[in-house]
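> Predicted model and sequence follow; I will ask about them next.
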Amino acid sequence: MSLPVVSPPFDASGESPSVAGVLLAAGTSDRYGDRNKLLATHDGAPLVRAAARTLLAAPVDPVVVVVGHDADRVSAALDGLDLELVHNDAYATGQASSVRAGVHAVRDRADAAVVALGDMPFVAPETVARLVDAYAAGAGDALAAAHDGRRGNPVCFDRRFFDALTDVTGDVGGRSILLENGTLVDTDDPGVRRDVDQSSDL
C-alpha cells in the first residue's frame with residue numbers, strides 16, 4: 001500500500017506537544033541463534049544501549065524500555081541511563097505485547113509516542129527529532145520514518161491510537177494502523193531501514 005510522504009522543513013512554531021519514547025527490547029532474538037542480539041556489541045556498546053541512547057538524545061520524554069526475554073541482562077546493559085524499565089511477561093506472544101506494555105506506561109503522560117526497536121541501533125537522534133517535528137507541525141497522527149520512499153522505523157503515534165495499540169495482538173505491532181492512517185516522513189537516514197537479525201548484519 002502506498003502511503004503519502006512528507007519532507008522537511010516542518011513548521012512546528014505552535015505549542016510543543018509532549019512526546020514519549022518507547023523502546024521495544026523484550027524479544028527472543030530467534031533468528032540470531034542461541035545469543036541475545038540486543039546484547040551483541042557494536043562500536044563498544046550493546047545494541048540495546050545504542051538504541052536507547054538514540055531516544056535519550058532526541059526530544060522525547062519519558063523514555064521507557066520494554067524488557068522481557070533475558071530481562072536481567074538487558075536491564076544491566078542499560079544501567080546508568082535515564083530511562084524507565086517496563087517488564088513484559090507476555091513477550092513470547094509477539095511484539096504486540098511489548099507495544100501494549102510500552103503504551104500503557106506512557107499513555108497518561110504524553111500526547112504521542114515514538115516507538116523504536118532495540119535491534120535498530122543505527123537510527124540517528126536527528127531522525128527521531130524529525131518525526132517529532134513532523135508530528136508537532138500536524139503532518140499526521142501516525143508517522144513512520146522513511147528512507148528513499150520506503151517505510152522504516154521508528155514510528156510515531158498520536159494518543160488517539162493508544163487504545164488501538166493496546167488492543168493489537170501477535171507480532172505486528174502498529175503496522176495495521178500505519179497502513180490505514182500513516183504518513184511517511186522522509187529522512188536521509190539509512191538506519192531507519194537497517195535492523196539486526198543475524199551477526200552478519202553488524
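Alright, I've got the coordinates. Numbers count the residues shown, from 1 in each chain.

> any low-confidence regions in the chain?
By pLDDT under 70, the low-scoring segments of the chain are 1, 12, 29-34, 169-173, 196-202.

> right, and R159 touches D111 too?
Yes: with contact defined as Cβ atoms under 8 Å, R159 and D111 form a contacting pair (5.6 Å). In this view, the C-beta of every residue, glycine as well, is placed from N, C-alpha and C.

> quick one, which of these two is more surrounded?
Remark: of R159 and D111, R159 carries more neighbours, 19 against 15, as counted by other Cβ atoms under 10 Å.

> where's the more buried one relative to G102, distance?
Here the criterion is Cβ to Cβ, to the nearest Å. By it, R159 lies 13 Å from G102.

> tell me, what's touching those two both at once?
Common contacts of R159 and G102 (Cβ atoms under 8 Å, 6 or more residues apart in numbering): A113.

> Report the central residue of this protein.
The centroid of the chain falls nearest to A116 when counting by Cα atoms, centre = their mean (1.1 Å).

> can you confirm that residue is in a strand?
Yes: per DSSP: H, G, I helix; E, B strand; the rest coil, A116 lies within a strand segment.

> Just the buried positions in the lengthiest strand in the chain, please.
Determined from DSSP state E, the single longest strand within the chain is strand 150-158. For strand 150-158, burial by neighbour count (16 or more other Cβ atoms under 10 Å) applies to R151, G152, N153, P154, V155, C156, F157, D158.

> Would you map the helices across this protein?
Secondary structure of the chain, counting by DSSP state H: helices at 47-56, 71-77, 95-106, 125-136, 162-165, 175-181.

> For the fifth one, C-alpha coordinates in PDB please.
Extracted C-alpha coordinates of helix 162-165, given in PDB (Å, rounded to 0.1, in the frame of the first residue of the first chain):
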ATOM      1  CA  PHE A 162      -3.300   4.400  22.100                       C
ATOM      2  CA  ASP A 163      -6.400   2.400  22.700                       C
ATOM      3  CA  ALA A 164      -6.000   0.600  19.400                       C
ATOM      4  CA  LEU A 165      -2.300  -0.100  20.100                       C
END
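
> Okay, buried residues for it please.
Buried residues in helix 162-165, counting neighbours by 16+ other Cβ under 10 Å, are found at F162, A164, L165.
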